[in-house]
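Peer 1: sequence isn't available, so here's the structure alone:
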């Protein structure tokens, strides 16, 4: 508890410190921006003074040379000089804009929005006005905070994803541990049930009764084995996939509603694939249960095995409600469910078993609303 609180406190300190650093950087950038802006204003004032001096010069060579030097030193700040609302001079403006009067007027309106003009009264009552814009350096500095914020947002996203991934990994370990503990806990009463079946046999109870009980006990052992394999790398065996699939199919067929019409289609000859029989059984069970749920316990379910080139494909087709095309991938995400009850983990587990453990593929082959759905598993042949 103390460790968790300490970790949360540290996290908030880091977040607050990061936020403070960002504010300081933004404030510092704004300060630099204002300093550069004031310096450019000062340069324009000097330029305006030189312009006034040039207009009033009595052709003294030294003054004219000084004014011309000031004019030539401005190589970064765009400006337009006007008199009586007419443009009489430009500097640091693209030639294409200068050559087009309408574009030049538009450029002048833009300069008016950027900075206050500088008035030059070269003789009493006669004025010229200097309109100037921000230099390229100042414009880049203006967009620097935005770029910085984007970088910070991206960094924050990466940190969030890392934190989320770490949290999910911890949760996965927790679920795997709980699954293994569940398998361990089921093992004790299961051993006791096996003993009671032997007692029933000794008391000459009807063989049909003990046979069905043994089937259910085998089923519980299979479920226990499934849970014990969660979180660990399963061992794959070279098995006949038709026989392994039929075993689960036959078991479930006898326990589902009689209103569901079952049909199995497949080759007569064996098809060997590297699978884990226990996990493969879980896969088929999940797909068949989903199919029956989609039909609300009434309809047709077809399980078909097809050998195609270097692959074996297992199709599970139902006559249920169907799936919208936009949900073809969403249904495999953890937590997705259309049922009022359930955690939405069945297809997510199925996808993990097929793709991560067996290096196969699972997808919605096709689906029509109101007509039904076909789910397909593909495994590479040996």
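Peer 2: Yep, it's here. Predicted model, so just to flag it, every value in this text is computed and none were measured. Numbering: from 1, shown residues only.
Peer 1: show me the contacts for residue 33.
Peer 2: 138, 141-142 (CB atoms under 8 Å, 6 or more residues apart in numbering). The C-beta positions use only the backbone N, C-alpha and C, and glycine is treated the same way.
Peer 1: and the one helix or strand it maps to, how far out from the chain middle?
Peer 2: Following DSSP states H and E, one finds residue 33 within helix 2-56. Relative to its parent chain, helix 2-56 has a centroid offset of 34 Å by CA atoms, centre = their mean, to the nearest Å.
Peer 1: okay, now the unreliable bits of the stretch 201-350 of the chain?
Peer 2: 226, 229-232, 334-345 (pLDDT under 70).
Peer 1: one more pass at 50, please.
Peer 2: Low-confidence segments of the stretch 201-350 of the chain (pLDDT under 50): 341-343.
Peer 1: and the strands in it?
Peer 2: For the stretch 201-350 of the chain, applying DSSP state E, counting those that start in this stretch gives strands covering 237-240, 260-265, 272-275, 299-308, 311-318.
Peer 1: got the angle for the second one vs strand 311-318?
Peer 2: This points to strand 260-265. Angle of strand 260-265 versus strand 311-318, following axes from the mean of the first three to the mean of the last three CA atoms, to 10 degrees, is 160 degrees.
Peer 1: what's the closest of the strands of the stretch 201-350 of the chain to residue 162?
Peer 2: Residue 162 lies closest to strand 272-275 among those, at 34.9 Å (CB to CB).
Peer 1: which helix or strand contains the residue positioned nearest the centre of the chain?
Peer 2: The centroid of the chain falls nearest to residue 161 when counting by CA atoms, centre = their mean (9.0 Å). Using DSSP H and E, residue 161 sits within helix 136-202.
Peer 1: domain-wise, how is the chain divided?
Peer 2: What automatic domain parsing lists as the domains of the chain is 2-134, 234-380.
Peer 1: adding distance to residue 217, write these out as TSV.
Peer 2: Output for the domains of the chain, formatted as TSV (distance: least, CB to CB, whole Å):
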stretch	distance to residue 217
domain 2-134	42
domain 234-380	13
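Peer 1: residue 205 is nearest to which of those?
Peer 2: domain 234-380 (20.1 Å).
Peer 1: first-to-last residue distance for that closest one?
Peer 2: End-to-end span of domain 234-380 (CA to CA, to the nearest Å): 17 Å.
Peer 1: residue 165 is nearest to which of the domains of the chain?
Peer 2: When those are compared by CB to CB, domain 234-380 sits nearest residue 165, at 14.0 Å.
Peer 1: quick one on the thing from earlier: pLDDT averaged over the helix holding residue 33, what's the number?
Peer 2: Across helix 2-56, pLDDT averages out at 76.
Peer 1: swap in stretch 133-150?
Peer 2: 77.
Peer 1: now do stretch 109-128
Peer 2: 87.
Peer 1: start to end distance for that stretch?
Peer 2: End-to-end distance of stretch 109-128: 16 Å, with CA to CA as the criterion.
Peer 1: ok, stretch 290-302 next?
Peer 2: 13 Å.
Peer 1: now that stretch, how far from the chain's geometric center?
Peer 2: 33 Å.
Peer 1: with stretch 79-86 instead?
Peer 2: 55 Å.
Peer 1: so what's the residue count around residue 321?
Peer 2: The local packing of residue 321 (other CB atoms under 10 Å) involves 17 other residues.
Peer 1: what does residue 253 give?
Peer 2: Neighbour tally, residue 253, other CB under 10 Å: 16.
Peer 1: let's number from 21 now, not from 1
Peer 2: Taking 21 as the first residue, the last one we looked at is residue 273.
Peer 1: that one touches residue 281, doesn't it?
Peer 2: No - Residue 273 is beyond contact range of residue 281, at 10.2 Å (criterion: CB atoms under 8 Å).
Peer 1: surely residue 42 touches residue 172?
Peer 2: Yes - counting by CB under 8 Å, residue 172 is a contact partner of residue 42 at 5.9 Å.
Peer 1: highest mean neighbour count out of the domains of the chain?
Peer 2: domain 254-400 (a mean of 17; mean count of other CB atoms under 10 Å).
Peer 1: and residue 296, what does it touch?
Peer 2: Residue 296 neighbours (CB under 8 Å, 6+ apart): 249, 254-257, 377-378.
Peer 1: closest to residue 54 among the residues you listed?
Peer 2: Closest to residue 54, out of all of the contacts of residue 296 and judged by CB to CB, is residue 377, at 62.1 Å.
Peer 1: got a list of what the closest one touches?
Peer 2: For residue 377, the contact set (CB under 8 Å, 6+ apart) comprises 253-254, 256, 296, 299.
Peer 1: one more: residue 242?
Peer 2: Residue 242 neighbours (CB under 8 Å, 6+ apart): 298, 301.
Peer 1: what's the answer for residue 97, then?
Peer 2: Taking CB under 8 Å, 6+ apart as the test, what residue 97 contacts is 60, 63-64, 111-112, 152-155.
Peer 1: and the furthest pair within the residues you listed?
Peer 2: Farthest pair in these, by CB to CB: 111 and 154, 14.2 Å.
Peer 1: so residue 316 makes contact with residue 340?
Peer 2: Yes - under the criterion of CB under 8 Å, residue 316 makes contact with residue 340 at 7.5 Å.
Peer 1: all helices in the stretch 271-402 of the chain, in order from the N-terminus.
Peer 2: Here the stretch 271-402 of the chain has its helices, by DSSP state H, counting those that start in this stretch, at 297-314, 366-371.
Peer 1: contacts for the longest one?
Peer 2: With contact meaning CB under 8 Å, 6+ apart, helix 297-314 is reached by 242, 245-246, 249, 254, 257, 259, 261, 264-265, 267-269, 272, 276-277, 280, 321, 323, 334, 336-338, 340-342, 359, 366-367, 369-370, 373-374, 377-378, 392-393, 395, 397.
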